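In: the sequence and its predicted three-dimensional model are supplied below.
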Amino acid sequence: MDKKHQTRYEDLTLLPRRWFPLPRLDFYILREFLIKYSVLLLVFIILFILGDVYRDISDFLENKASVSDILLYLAYKQPGNIRFILPISMLLGCMWTMATFGKNMEITAMRASGVSLFRCGGSIFVVGLAVTFINIYFNEALVPFTERSAEIIRSNATERRRYVRGLLTYRSNDQQRHWLFNNFTTGNIQNDVTLKTFWTDGMIDSLVLVPDEAARRRMILEIFPGKAERLLSLSRAEMEKQVRRELVGRKVDFYGREAAYDPENETWIFRNGNFISYDRNDDTRFSASTGTSAIHEQIPLTELRFPKNEIPEATNDILNAVKEKDDLPTWVIWDLVQRSPNMAERVKSIYMTVFYYRLAFPWACFLAVFLGIPLATKNERTGSLLAIITAMVIIVVYIVVAQVFLVLGKAGILNPMFAGLAPTAAFIACGAWRIYHDRN
């Protein structure tokens with residue numbers, strides 16, 4: 001460059017970057033964005049309502065449910081739909097707004113006035129952050145309640161009975177207990193419950209080696225019909241040692257006509273039932289006793305208590321375990337994993353992958369702005385159509401990649417933290433790079 005042109009460029013004074021305050025510009029951008037965002041939210045909500053009506057309305061009509069039940073059911077379903085609508089609408093609204101500004105050359109005017117691309121979307125970033133916290137609230141507090149309420153309304157309206165889970169089975173996280181519920185209700189008292197587990201020292205102390213000598217003798221006679229006389233002829237200490245050696249680790253089925261959970265003492269109480277023990281030759285621990293040999297007949301029991309150290313799961317744990325993992329709040333998942341140190345690795349991978357995914361997904365509302373602004377203003381002359389198409393492609397790619405990572409994480413192929421966080425982290429990194437690249 002010659003001296004003449006160099007002097008001319010040195011005389012130019014660049015306009016300083018403008019940050020705050022820009023109330024008139026921010027209000028204008030915020031108004032235009034909220035109008036478009038509201039339209040998109042309304043359209044998506046209507047589409048989801050139509051989907052719920054198409055899928056579920058026949059069940060209500062066939063059972064002649066009231067209009068109020070139908071409307072209340074649809075209302076309870078909406079928070080679950082809205083949590084997925086919020087990030088999609090945020091991305092589309094952001095791109096629609098900024099693409100419109102680009103088409104009208106308003107972005108060019110703002111940047112020529114010293115307002116950076118990042119600063120142009122300042123008010124949209126604020127809305128995105130606010131919507132992110134709203135989505136976190138929906139995911140953690142509102143949706144689990146509304147989804148459960150919707151299912152209760154549907155069950156009451158279509159089946160004319162309170163919400164239950166018929167023939168529910170539940171396997172404990174440490175794989176040591178298998179529950180069979182004839183009808184699992186939402187309360188702490190269950191009827192007709194079978195617990196398939198293994199004898200422990202605590203169970204032996206509660207049922208067999210009781211302080212009352214007559215009761216202890218009667219129980220030994222019933223449990224060991226072929227060995228009872230030999231066991232009873234031993235000294236007290238040796239007899240207890242032999243009984244433990246015979247029973248600990250054996251499979252045993254406990255049945256209670258009523259099984260109540262005491263949340264205050266964290267204790268399960270089986271009443272008016274029976275129990276039966278099996279020999280060690282069963283091939284599968286939790287088969288329905290097929291192919292196993294019982295070592296004694298069914299022995300009735302009046303009441304049997306299982307403290308937390310023997311049965312750590314509560315009724316809510318069982319109910320949460322049979323729910324879709326994706327519908328559980330993150331604090332429930334974290335608490336469940338922390339209270340189950342012996343949880344199988346496969347099960348733990350499922351819970352932790354969902355945990356990290358649930359932490360990351362609400363931030364897609366805020367992260368959508370990082371991609372929406374630079375992509376929408378990339379081709380100002382092409383108008384908003386290309387921006388909308390680009391947004392739809394990005395949404396589809398993000399959802400597909402996130403779901404693939406989720407499946408791989410649940411299967412234990414990918415680290416749960418990486419599987420849950422990577423797609424969203426890549427989403428924000430790509431948007432941040434685009435904003436940095438187009439910052440001038």
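Out: Great, that's in hand.
In: what's the neighbour count on residue 206?
Out: As a burial measure, residue 206 scores 17 neighbours (other Cβ atoms under 10 Å). In short, each C-beta sits where N, CA and C put it, glycine included.
In: residue 299 now?
Out: For residue 299, using other Cβ under 10 Å, the count is 15.
In: what's the answer for residue 67, then?
Out: Neighbours of residue 67 using other Cβ under 10 Å come to 8.
In: could you check how far it is from residue 176?
Out: Noted for residue 67: a distance of 49 Å to residue 176, by Cβ to Cβ, to the nearest Å.
In: how about residue 87?
Out: Applying Cβ to Cβ to residue 87 and residue 176 gives a distance of 41 Å.
In: pick out whichever of those two has more residues nearby.
Out: Using other Cβ under 10 Å, the more surrounded residue of residue 87 and residue 176 is residue 87, with 26 against 17.
In: isn't the more buried one right up against residue 369?
Out: No. Checked against Cβ atoms under 8 Å, the pair residue 87 and residue 369 is beyond contact range at 10.3 Å.
In: joint contacts of the two?
Out: Common neighbours of residue 87 and residue 369, counting by Cβ atoms under 8 Å, 6 or more residues apart in numbering, are absent.
In: what about the stretch 151-300 of the chain, any weak spots by pLDDT?
Out: Under the criterion pLDDT under 70, the flagged ranges of the stretch 151-300 of the chain are 158-167, 186, 280-292.
In: apply 80 and report the result again.
Out: Applying pLDDT under 80 to the stretch 151-300 of the chain flags residues 151-175, 182-187, 279-294.
In: now do the strands in it.
Out: Remark: strands assigned in the stretch 151-300 of the chain by DSSP state E, counting those that start in this stretch are 164-171, 178-185, 189-198, 251-262, 267-277, 299-306.
In: among those, which comes closest to residue 314?
Out: Relative to residue 314, the nearest member of these by Cβ to Cβ is strand 251-262, separated by 6.0 Å.
In: what's the angle from the closest one to strand 267-277?
Out: Computed by axes from the mean of the first three to the mean of the last three Cα atoms, to 10 degrees, the angle separating strand 251-262 from strand 267-277 equals 160 degrees.
In: can you list contacts of strand 251-262?
Out: So strand 251-262 is contacted by 188-199, 203, 267-278, 280, 282, 285, 289, 292, 301, 304, 314-315 (Cβ under 8 Å, 6+ apart).
In: quick check: buried residues in that strand?
Out: 251, 252, 253, 254, 255, 256, 259, 260, 261 (16 or more other Cβ atoms under 10 Å).
In: parallel or antiparallel, list what pairs with that strand.
Out: strand 189-198 (antiparallel), strand 267-277 (antiparallel) (DSSP bridges).
In: with mean neighbour count and distance to residue 57 as added columns, please give the ones you listed in CSV.
Out: Listed next are the strands paired with strand 251-262 as CSV, based on neighbours: other Cβ atoms under 10 Å; distance: least, Cβ to Cβ, whole Å:
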stretch, mean neighbour count, distance to residue 57
strand 189-198, 19, 33
strand 267-277, 18, 41
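In: dump those strands to TSV, plus distance to residue 343.
Out: Below are the strands paired with strand 251-262 laid out as TSV (distance: least, Cβ to Cβ, whole Å):
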stretch	distance to residue 343
strand 189-198	16
strand 267-277	19
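In: how far does stretch 360-370 sit from its chain's centre?
Out: When distances are taken as Cα atoms, centre = their mean, to the nearest Å, stretch 360-370 is centred 18 Å away from the chain's centroid.
In: my guess is residue 45 contacts residue 85, does it?
Out: Yes. Using Cβ under 8 Å, residue 45 is in contact with residue 85, at 6.5 Å.
In: more neighbours: the two, which one.
Out: residue 85 (19 against 15).
In: nearest to residue 62, of the strands of the stretch 151-300 of the chain?
Out: Closest approach to residue 62 among the strands of the stretch 151-300 of the chain (Cβ to Cβ): strand 164-171, 19.3 Å.
In: map the structural domains onto the sequence of the chain.
Out: 17-160+357-437, 167-317 (automatic domain parsing).
In: so which of those is the most packed in?
Out: Neighbour counts (mean count of other Cβ atoms under 10 Å) averaged over each of the domains of the chain peak at domain 17-160+357-437, with a mean of 18.
In: what segments of the stretch 201-350 of the chain are helices?
Out: Assigned by DSSP state H, counting those that start in this stretch, the helices in the stretch 201-350 of the chain fall at 201-207, 213-223, 228-232, 236-247, 315-322, 330-338, 345-360.
In: make CSV out of the ones you listed and add distance to residue 138.
Out: Shown next, in CSV, are those (distance: least, Cβ to Cβ, whole Å):
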stretch, distance to residue 138
helix 201-207, 43
helix 213-223, 54
helix 228-232, 61
helix 236-247, 50
helix 315-322, 18
helix 330-338, 13
helix 345-360, 11
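In: to residue 76, which of these lies closest?
Out: Of all the helices of the stretch 201-350 of the chain, it is helix 315-322 that lies closest to residue 76, at 17.8 Å by Cβ to Cβ.
In: where in the stretch 301-440 of the chain is pLDDT low?
Out: Across the stretch 301-440 of the chain, the ranges flagged by pLDDT under 80 are 315-347, 358, 361-396, 399, 427-440.
In: make it 50
Out: 440 (pLDDT under 50).
In: pull the CA atoms of stretch 55-68 into CSV?
Out: The C-alpha atoms that make up stretch 55-68 are tabulated as CSV, following Å, rounded to 0.1, in the frame of the first residue of the first chain:
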residue,chain,number,x,y,z
ARG,A,55,-54.8,-39.9,19.9
ASP,A,56,-56.9,-39.9,23.1
ILE,A,57,-60.4,-38.5,22.5
SER,A,58,-61.8,-41.8,21.4
ASP,A,59,-61.2,-43.4,24.8
PHE,A,60,-63.1,-40.6,26.5
LEU,A,61,-66.0,-40.6,24.1
GLU,A,62,-66.4,-44.4,24.2
ASN,A,63,-66.7,-44.2,28.0
LYS,A,64,-69.0,-41.1,27.9
ALA,A,65,-66.6,-39.0,29.9
SER,A,66,-67.7,-35.5,30.8
VAL,A,67,-66.6,-32.4,28.8
SER,A,68,-64.9,-31.1,31.9
